[in-house]
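>>> sharing a model prediction with you, sequence too.
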Amino acid sequence: MSLQNILENWSKYRRGAEEGGHHKYEHRWGMAINLDLCIGCNACSTACYAENNLAVVGKERFAKGQAMHWLRVERYWDESINTTSSVAPEYPEEGASFLPMMCQQCNSATCEPVCPVAATYHTPDGLNAQVYNRCIGSRYCSNNCPFRNRYFNFYSYYESAWPEPMNQQLNPDLSVRDKGVMEKCTFCVQRIRAAKDKAKMEDRKVQDGEFTTACAQACPTSAIVFGDRLDPESKVAKLWAQQEVKLGVYKQHKQNPEKRGYRIFEELNIDPSVMYMERVRDSSI
Amino acid sequence: MSKRYRIKALFSDFEEAFAALSDIRHSKVPGVSIDDVKLNSPIEHPEIEEVLGERPVHIPKLTLAGATFGLVFGFLFLASAQATFLVQPQGGKPVIPLPSNFVLVYEMLIFFGVWTTFFAFLFMSGLFRKRGNLYSEKVSLDQIGVIVEADEAQRDKLKSLFKTHKSLEIREEEIQ
Amino acid sequence: MIEKDIDEQIKWAKINADVLRSMENPRRAYWITFFICIAMMACAVTAEIYQYNTGMGVTNLNNPHMWDMYIATFVFWIGMSHSGTLLSAILHIIHADWRKPIYRFAEAMTTFSLMTAGFFPMIHLGRVWNLYWVLPYVSDRGHWPNFRSPLVWDAFAISTYLSASMLFLFIGMIPDLAICRDNARGWRRKIYTVLSLGWVGSDRQWRNFRKTYLLMACFLIPLAVSVHSIVSSDFAMSIMPGWHVTSFPPYFVAGALYSGCAAIITLFVMLRYYFRFEEYMTVAIMEKTAKLTFAIAMVWTYLNLIEFASTWYGHDIYAKELLIAKATGPYAWIFWTMLFCGMVVPFALAVEKFRRHMPTMFVVSLLLNLSMYFERWMIVAPTLSMAHDPHQWYIEWPSIVQWAIVFGSFGWFGLLFLVFVKVFPSVSMYEVKEMVFHRRRLVNENAAKEYSRRASDRKGAGGTPELKGA
C-alpha cells in the first residue's frame, strides 16, 4: 500500500551519501583491472559476446559505429618504445596500450536521472540496471554517459546475428533484445543472481570467488578481478585498499602517490565502481 | 400587461451612437435605464465604459482559481507520484526533488490557468446563443448597434432619439 | 518621406474585402506550392515508414552520435515557434498597436512550428509505440515517468505551450470568424458559424474578450520563456562538454526569438507579395520588425560570445578542446557560416535602405534562419563527436533518411500554413479596424506636431515641415 510504503520505506531513502547512499547495500559489486597485465587479446570481449547474447553486427555496421560490444578494448598509442629517438616506430602497433572498457556501474550514474521513463536505476547491489522492457529508446542515457558505454539496438540484430544452428548457443539465462532499446554491461547480472540464489538456498553468504563475470573468467592473465566491495576479505576490496582508492569521492587522496590505482573520470563526481591500475611504463623503469 | 419590445438601432457614426447612449444615461427617455442597453460593435471600445457604466467581468477570479488549482494539484500530484515510486530517487537526491518539481508545477499552473481562462471565457461571455432576428451583418463590418429593451410606452421616444442621432436603420421585435 | 504604420483613412469595408479576398479562389501558384508541400511530406512519410520497420540504424546514428539532426531540427522548430506568440503577447501588453496587422500569421506560425516540432521526439524514439510512457498516467503497476528527466519536462512544457498558443490564436480569431460567417455562403458559412461560437460583438462579449486576451497574453510570456529554457535543459542538465553550460537557457531563448523574428520577416514578405497586402503589411511595420530582429540578434551575439569566453577562460579541458575542435575540426565550415550569418549578416538590418527593400529582407531573413539551424546542429553534433572519451570520437553525417524527414517537416509546416491562409483570415480584420479607429481619433490632434518632428529628424534642422492630414 502506498501510504504504508511512504511511512515505512522513506527513511531508508532519505539517508545521505556519507552514510552509504540511499540504499542499505547488500553488495557493492566492483572490479579492479590491472592494465599492466592486459595484453589486449580481446578474450574478455569475446567472452562477453558469448555470455550476454550480444549480436555480431557485421563489418559494415561495425564501421558505422553501430556495434554492440558491451566490453571494448580501447587501444591507445601513447608511448613509443624508442621514446628517446625521433625515429618513427617500426610497426604501427609499437607502443600500444590497452584499456578494457565496460560499464563502470557508477554510484552517481549520470545516465539514471535523465531517463524519461526510469528504465535505468540503481539496485541495492550497487549495480546500474537497465530495464529493457521499460526502455523507449530516447537514447538520452547514452548521450549523458562520459564513457559512451551504452549501446543501442539500432536494428533487429537478432534476425541475422545467429543463423541456424547458431541460435542454439544463446544463453537462456537472459533475453535477446529487439530494436529500439538500450543495453549495456550488467556485470553479468544473471551470474550474480544465480550465485545469490544458491547461497540463499544453502543459507549462507555469497563467497568471494564463488563466481565471477565472463570477462574476468576468460582473461588469460587474470587482469580483471571481480568481487564484492563490501566484503573486506574479498580480493577486489583488498586491491582497492592496497591502491588506496576509495568510493564516494571525486578525488583520491593517497598516502603513497606511487600507487597506480585510479578510476576513470572520477573528477566528474560520478563515482565509478571499476578501479584501473595504470600500466607500468617502459619509460619509467 | 403592456408589450415589451427589443429595439435595435444601427449607426455608422460612432460618436453619434455614443451620444445616443449618453442621452439614455442622462434619462432623456424616462423609464429606460442604461442597464437595459446592449451594444453590438465591430471593434472593442474600452472607452464605452464611461457611457455604459462599469459592468463586471468575472474571468480573472476563475483564472486565479484555475491557476491555484494547477499549482496545488500539480505539486500534490507529482509529490504523491514520486513518494510512491521509489525506483526514481537516484544518485543521492531526495525522494521529492524540489528543483525539478518547480519546473513541472510552473508548467501545470499555466496549463490549468490557460484552460480555465478559456472555458471561463466560453461560459461567461454569452457565447453559444442564437444571433436572433435583430442581428445585422453590418455590425461585423463597420456599423455599431444599440439594443434597448423597452415597454411600448417608451418605444416611440427611443426611436425618435435614435433618429435625431442619425441612426441608419432601426429594427424591432416583440418579446414575451 | 512621411511614414505611417497604416493609412488611417482606409475604409473598413475595404479591410473586410481585402482580407476576405485572400481567403478565396486559390491561384495556380497556390496549388503548385500545395502539391510541392505534399510531395515533400510524402518523402518524409516514406522515410519514416522505412525507419520504423528497419530500425534507427538507417539514420546513420551510432554509438557516440545517439542524437543528431532530428534533435537539432526539433530545437529549430521549437525556436521558430517562439516569436509569434511571445512577441504578439508582449506587444499586446505594452500596447504597441503595430503588431495588429502581422500578429495573426505570426501566431499561426507558432502553432504550426510547434506541431512540426512535436513530431521529432517521436520520430527519433527507438520504440515510438511506447511514447505514452512519458506521460504521467496512473498505472496499476505503480509506474511513473522519471520526473527528474528533462525529457519529461519537455513533454509537460510542449503540451502546455501547444494548448496555450492554440487557444491564444483561436480566441484572437473569434471576432474575425464571425466576420467570415457573415460573409460566407453555403457549407463554409456552416463551418464558420460553428467556429465563431455565436459571436455577435455585444459589449458583454467584448468586455470578457478583452480580459481573456490580456490574461492569456500574461500567461504566454512566462510560458514561452520557460519552454525554451526547458528545451535547453535537455542539454544543460547533462554533463557533456559543450552542453553543460549555465548560460544555455537565456541563449536558447534569445536564439528562439531570433529565428522566430527572421521567420516572421520571411512570411511577411511572402504574404505581402502573394496577397497584395501592401496596405496592411506596410514598409513601416517591416522596419519596426527588422529593428526588433536586429536588437535580438545582438542579444544572441552577446550570449554566444560569452559562452565562448567562459569556456575559453574556464578550466574544463574537455569543453575547451571541444570549442577548438568546433572552430577547426570537420564541422568548422558550419561553425563559421553560423557565426557569419548570425553575427555579421544582421547588420544589414541596421541599414535603412536594406530594411525598406523587401527582396533584401527576404534573403537576409533566410540567411538568419540558416544560421539558427546551423547553431542547433553545432550544439547537438560536435559534443557527441568529441566528448570525454577519445576512443569514442567519431565524425558522423546524417543519412538520406534523416534528410528526407527533415525536408518533409518543412513540407508539413508549409502545408499547414497554406491551409491556414485559405481557411482563416491571415490579417486580423477587427484589430486593423481598431488600429485605424484609434489613429483616426489621434491624427487630428497630433498630426501637425508629429509630422514636423519626423520631418526635421530626417533632414536635420532647417527642413520645411510638410503639414497634411490635419
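The structure has been received and is ready for your questions.
>>> quick one: what helix or strand has the residue in chain C that chain A sits nearest to in it?
Nearest residue of chain C to chain A, counting by C-beta to the nearest C-beta: residue C:126, 1.8 Å away. (C-beta placed from N, C-alpha, C; glycine too.) Using DSSP states H and E, residue C:126 falls within no helix or strand.
>>> close enough to count as contact, residue C:321 and residue C:387?
No. In this structure residue C:321 lies outside contact range of residue C:387 using C-beta atoms under 8 Å: 10.2 Å.
>>> so which of the two has more stuff around it?
Set side by side, residue C:321 and residue C:387 show unequal neighbour counts under other C-beta atoms under 10 Å in any protein chain shown, the larger going to residue C:387 at 25 against 16.
>>> which residues touch the closest residue in space to residue C:209 that isn't next to it in sequence?
Nearest residue to residue C:209 in three dimensions, chain neighbours excluded: residue B:125, at 6.5 Å (C-beta to C-beta, 6 or more residues apart in numbering or on different chains). When contacts are counted by C-beta atoms under 8 Å, 6 or more residues apart in numbering or on different chains, residue B:125 touches C:204, C:205, C:207, C:208, C:209, C:212.
>>> before we move on, the earlier item: what does the residue of chain C closest to chain A show for phi and psi?
Dihedral angles phi and psi of residue C:126 (degrees, to the nearest 10) take the values phi -70, psi -40.
>>> in space, what's closest to it - neighbours in sequence excluded?
Looking at residue C:126 with C-beta to C-beta, 6+ apart, the closest residue is residue A:137, at 1.8 Å.
>>> still on that earlier bit, shared neighbours, residue C:321 and residue C:387?
residue C:241.
>>> pLDDT weak spots in the chain?
Looking at chain A here, since you left the chain open. Low-confidence segments of chain A, defined by pLDDT under 70, span residues A:1-2, A:5-24, A:78-94, A:282-285.
>>> nope, chain C
Applying pLDDT under 70 to chain C flags the ranges C:1-3, C:442-470.
>>> the residue in the stretch 1-150 of chain C that chain B sits nearest to: neighbour count?
Checking the stretch 1-150 of chain C residue by residue against chain B with C-beta to the nearest C-beta singles out residue C:12 as nearest, at 3.7 Å. Burial measure for residue C:12: 19 neighbouring residues, criterion other C-beta under 10 Å.
>>> wait, it touches residue C:434, no?
No. In this structure, residue C:12 is not within contact of residue C:434 by C-beta under 8 Å, at 10.5 Å.
>>> and the residue of chain C closest to chain A, what does it touch?
Neighbouring residues of residue C:126 by C-beta under 8 Å, 6+ apart: A:135, A:136, A:137, A:138, A:139, A:152, A:153, A:179, A:180, A:181, A:182, C:56.
>>> what about residue 4, how many residues nearby?
Went with chain A since none was named. Considering only other C-beta under 10 Å, residue A:4 is surrounded by 8 other residues.
>>> my bad, the chain I had in mind was chain B
Other residues lying near residue B:4 total 13 when counted by other C-beta under 10 Å.
>>> who is it paired with across the strands?
Using DSSP bridges, the bridge partners assigned to residue B:4 are residue B:151, residue B:175.
>>> residues contacting it?
Shown here is residue B:4, whose contacts under the criterion C-beta under 8 Å, 6+ apart are B:149, B:150, B:151, B:152, B:174, B:175, B:176.
>>> ok, residue A:211 next?
Residues in contact with residue A:211 (C-beta under 8 Å, 6+ apart) are A:191, A:192, A:194, A:195.
>>> now do the SS call for it.
Using DSSP: H, G, I helix; E, B strand; the rest coil, the structure places residue A:211 in coil.
>>> any idea how far it lies from chain B?
For residue A:211, the distance to chain B equals 26 Å [C-beta to the nearest C-beta, to the nearest Å].
>>> if I look at that residue, how far off is residue A:274?
Residue A:211 sits 18 Å away from residue A:274, going by C-beta to C-beta, to the nearest Å.
>>> state the number of residues packed around the residue lying closest to residue A:190 once chain neighbours are set aside.
Closest residue in space to residue A:190, ignoring its immediate chain neighbours: residue A:173 at 4.0 Å, by C-beta to C-beta, 6+ apart. Counted with other C-beta under 10 Å, the burial measure for residue A:173 works out to 14 neighbours.
>>> element containing residue A:173?
Using DSSP H and E, no element contains residue A:173; it sits outside every helix and strand.
>>> now it: how far from chain C?
Here residue A:173 is placed at a distance of 24 Å from chain C (C-beta to the nearest C-beta).
>>> just to revisit the earlier point, could you check the pLDDT of the residue nearest to residue C:209?
Per-residue confidence (pLDDT) for residue B:125: 85.
>>> how about the one 3 residues further on?
What the model reports as pLDDT for residue B:128 is 83.
>>> ok, the closest residue to residue A:143 other than its chain neighbours - contacts?
Once flanking residues are discounted, residue A:143 sits nearest to residue C:66: 5.0 Å by C-beta to C-beta, 6+ apart. Taking C-beta under 8 Å, 6+ apart as the criterion, residue C:66 is in contact with A:139, A:140, A:142, A:143, A:152, C:384.
>>> now residue C:66, what's its secondary structure?
At residue C:66, secondary structure determined by three-state DSSP is coil.
>>> measure it to residue C:134 for me?
Relative to residue C:134, residue C:66 is positioned 17 Å away (criterion: C-beta to C-beta).
>>> over to residue A:267?
33 Å.
>>> out of those two, which sits in the more crowded spot?
Ranked by neighbour count (other C-beta under 10 Å), residue A:267 and residue C:134 place residue C:134 first, with 21 against 9.
>>> what residues are up against the more buried one?
In this structure, residue C:134 makes contact with A:116, A:117, A:136, C:145, C:151, C:152, C:155, judged by C-beta under 8 Å, 6+ apart.
>>> what about the residues you listed, which are in helices?
Counting by DSSP state H, these place C:151, C:152, C:155 in helices.
>>> which residue is the nearest non-sequential neighbour of the last one?
What that stands for is residue C:155. Taking C-beta to C-beta, 6+ apart as the measure, residue C:155 lies nearest to residue C:134, with 4.9 Å between them; neighbours along the chain are not counted.
>>> also residue C:114?
Counting by C-beta to C-beta, 6+ apart, the residue nearest residue C:114 is residue C:81, at 4.5 Å.
>>> are we agreed that that neighbour is in a strand?
No. Assessed by three-state DSSP, residue C:81 does not belong to a strand; its assignment is helix.
>>> give me the phi and psi angles of the residue lying closest to residue B:35 once chain neighbours are set aside.
Residue nearest to residue B:35 in three dimensions, not counting chain neighbours: residue B:53, with 7.5 Å by C-beta to C-beta, 6+ apart. Comment: the main-chain dihedrals of residue B:53 come out as phi 90, psi 160, following degrees, to the nearest 10.
>>> and residue B:53, how far from chain C?
Relative to chain C, residue B:53 is positioned 11 Å away (C-beta to the nearest C-beta).
>>> pick out the residue nearest the middle of chain A.
Computing the C-alpha centroid of chain A and ranking residues by C-alpha atoms, centre = their mean puts residue A:103 first, at 3.3 Å.
>>> so what's the residue count around the nearest residue to that one once chain neighbours are set aside?
The shortest distance from residue A:103 to any residue that is not its chain neighbour, by C-beta to C-beta, 6+ apart, is 3.7 Å, and that residue is residue A:185. By other C-beta under 10 Å, the residues close to residue A:185 number 25.
>>> so what touches the helix or strand hosting residue C:333?
Element membership for residue C:333, per DSSP H and E: helix C:332-339. Residues outside helix C:332-339 that contact it (C-beta under 8 Å, 6+ apart): C:304, C:326, C:327, C:370, C:371, C:374, C:375, C:377, C:378.
>>> could you do stretch C:266-285 as well?
Identification of contacts with stretch C:266-285 by C-beta under 8 Å, 6+ apart yields C:3-7, C:10, C:15, C:18, C:22, C:29, C:98, C:101-102, C:105-106, C:109, C:286, C:289, C:356, C:358-359, C:361-362, C:365-366, C:369, C:417, C:421, C:426-427, C:432.
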